[in-house]
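In: Next come a sequence and a model predicted from it.
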Amino acid sequence: METFKAFLKRKDIEISLKRYGIDALGAMAQGLFCSLLIGTIINTIGTQFQIGFLTQTVATISGADYTVGSLATAMSGPAMAVAIGYALHCPPLVLFSLITVGFAANALGGAGGPLAVLFIAIIASEIGKAVSKETRIDILVTPLVTIGVGIGLSAWWAPALGSAAMKVGNLIMWATNLQPFLMGILVSVVVGIALTLPISSAAICAALGLTGLAGGAAVAGCCAQMVGFAVMSFPENGWGGLVSQGIGTSMLQMGNIVKNPKIWIAPILTSAITGPIATCLFGMEMNGTAVSSGMGTCGFVGPIGVYTGWMNDIAEGTKAAVTANDWIGLLLICIVLPAVLCPLINLACRKLSWVKDGDMTLE
C-alpha cells in the first residue's frame, strides 16, 4: 500500500473531491467558455449586427457548413477535455491526447456530452499520467493508452452518462414548469450558491442541459450573487470590487464567507426572491446554450444567453418578437433587483450585528 501511495504521489495523482469536484469541474467550465460559449456569442454578434465575415461559411466538413462561431462551438469537447487535463497537471503527451478523448466523449454523450467528458477525461488523464515516462517508447505508449482508454470509455459510458444527465435536467425543467414558484426558489438558490462556491455552476448547468424556465431561474440566482455582492460590498471595495465581482465572479468573496458565513445571507435571500419573480411574473426562459444558465453576469453571459434564446425562439417561430416586458424582466432580474434588494437585506443583517465593516473587504 505504501508503495502504491508513493507511486500516486510521484505521478501527481490526487484522488480527492477538491481535485476532481473543484479543480477539474472549474477548468471544464473554462473550456466550455472558450469554445461553445464564445462561439455562440460570435454567432449572435454576427447575426444581430449583420457582420458578413462572422455569418458566412468559412469551412464545409462532411456536408456541414461552419461559420467562425460554429468552428469554436464544434471544439467544445476537446476544449473541455484539455482544460480538465491542464487542471490535473497532465504531462504534454497526455494533455494533447485528450483532444481526441474529449471529441469522442462529447460526441457520443449527445446532449449530455459535458458530463461524459468530465468523467471520462478525468479517468483517461490519470491513467495516462500513470504510464507517462514509464517506458523508453513513451511517445507511443502514452498517447495509445490515453486515447485507447478515453475512446473505450466513451463508447461504453458516454451514451449512458449523457442520457442520465439529460434525464435529470429534464426532470428539473419539468418540475419548474409544473411548480414555477417553489422550483424557481430552489433552482435559483442552489445554482447561485454553486456559482459562489469554488465549483462551477456553469459546468453543472451545461452537464444537465438546464434551459427553459429552469435556466431562467438559474440565471436569476447567479446574477443575485454576483451583482448582490458587488453592490453591497461597494463601500469596502470601490469600483474595482464592483467590476471584479459584478462581471467577474462572486467567488472572490469565498474567503470572507469562510470567516463570516452571515455575509452570504443577503445574496441567498435575494436569489430566493428573484428566482420565482423570473419564473412566475416574467416567465423568463434561458433558451440559449445551457452553460449560460450558470454564468450570471460574468462577462454578461447570462443576459446574453437569454437574448440569444429569444432570437432562437423567433427563428423557430415559437416567439413572435422581443417585447418591452421581456427587456424589463431581464433588466430587473439580472441587474436592478439584486442591486437594490441585496444591500437592503444586508443592512438588516448589519442592524442585527451579523455583518460589520470590513467583513467583505477583498484582499
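Out: Yes, it's here.
In: switch to C-alpha atoms for all contacts and neighbour counts from now on
Out: OK.
In: In this structure, where's the longest helix?
Out: Longest helix of the chain, by residue count under DSSP state H: helix 138-178.
In: and that one, what other elements does it pack with?
Out: Applying 3 or more CA pairs under 8 Å, 6 or more residues apart in numbering; DSSP states H and E, we find helix 138-178 packed against helix 92-109, helix 113-131, helix 180-196, helix 201-208, helix 212-232.
In: contacts for the first one?
Out: Residues from elsewhere that reach helix 92-109, judged by CA atoms under 8 Å, 6 or more residues apart in numbering: 75-82, 85-86, 112-117, 120-121, 124-125, 128-129, 132, 139, 142-143, 146-147, 150-151, 154-155, 158-163.
In: before we move on, the earlier item: next, the angle from the longest helix of the chain to helix 92-109.
Out: With axes from the mean of the first three to the mean of the last three CA atoms, to 10 degrees defining the directions, helix 138-178 sits at 40 degrees from helix 92-109.
In: How far off centre is helix 138-178?
Out: Going by CA atoms, centre = their mean, to the nearest Å, the spacing between the C-alpha centre of helix 138-178 and its chain's C-alpha centre is 17 Å.
In: Quick one: mean pLDDT over it.
Out: Here helix 138-178 scores 94 as its mean pLDDT.
In: do stretch 51-71 as well
Out: 88.
In: buried residues in that stretch?
Out: The neighbour-count criterion (16 or more other CA atoms under 10 Å) identifies Leu54, Thr55, Tyr66, Thr67, Val68, Gly69, Ser70, Leu71 as the buried residues of stretch 51-71.
In: how long is that stretch from one end to the other?
Out: Across its full length, stretch 51-71 reaches 17 Å between end residues, using CA to CA, to the nearest Å.
In: next one: stretch 190-207
Out: Across its full length, stretch 190-207 reaches 15 Å between end residues, using CA to CA.
In: And the contacts of it?
Out: Stretch 190-207 has contacts (CA under 8 Å, 6+ apart) with 21-23, 25-26, 28-29, 32, 112-115, 165-166, 218, 220-225, 249-254, 268, 271, 289-295.
In: Likewise for stretch 6-19?
Out: Under the criterion CA under 8 Å, 6+ apart, residues Leu88, His89, Glu126, Lys129, Ala130 lie in contact with stretch 6-19.
In: Swap in 7 Å and give it another go.
Out: With contacts defined as CA atoms under 7 Å, 6 or more residues apart in numbering, stretch 6-19 is touched by Glu126, Lys129, Ala130.
In: related to what we said a few turns ago, what remains of the contacts of helix 92-109 if I keep only buried residues?
Out: Buried positions within these, assessed by neighbour count (16+ other CA under 10 Å), are 75-82, 85-86, 112-117, 120-121, 124-125, 128-129, 132, 142-143, 146-147, 150-151, 154, 158-163.
In: hang on, the earlier thing: show me the buried residues of stretch 51-71 that map onto helices.
Out: Leu54, Thr55, Val68, Gly69, Ser70, Leu71.
In: Need those in a markdown table (columns: distance to Leu195).
Out: Compiled in a markdown table, those are given as follows (distance: CA to CA, whole Å):
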| residue | distance to Leu195 |
| --- | --- |
| Leu54 | 31 |
| Thr55 | 33 |
| Val68 | 29 |
| Gly69 | 26 |
| Ser70 | 27 |
| Leu71 | 28 |
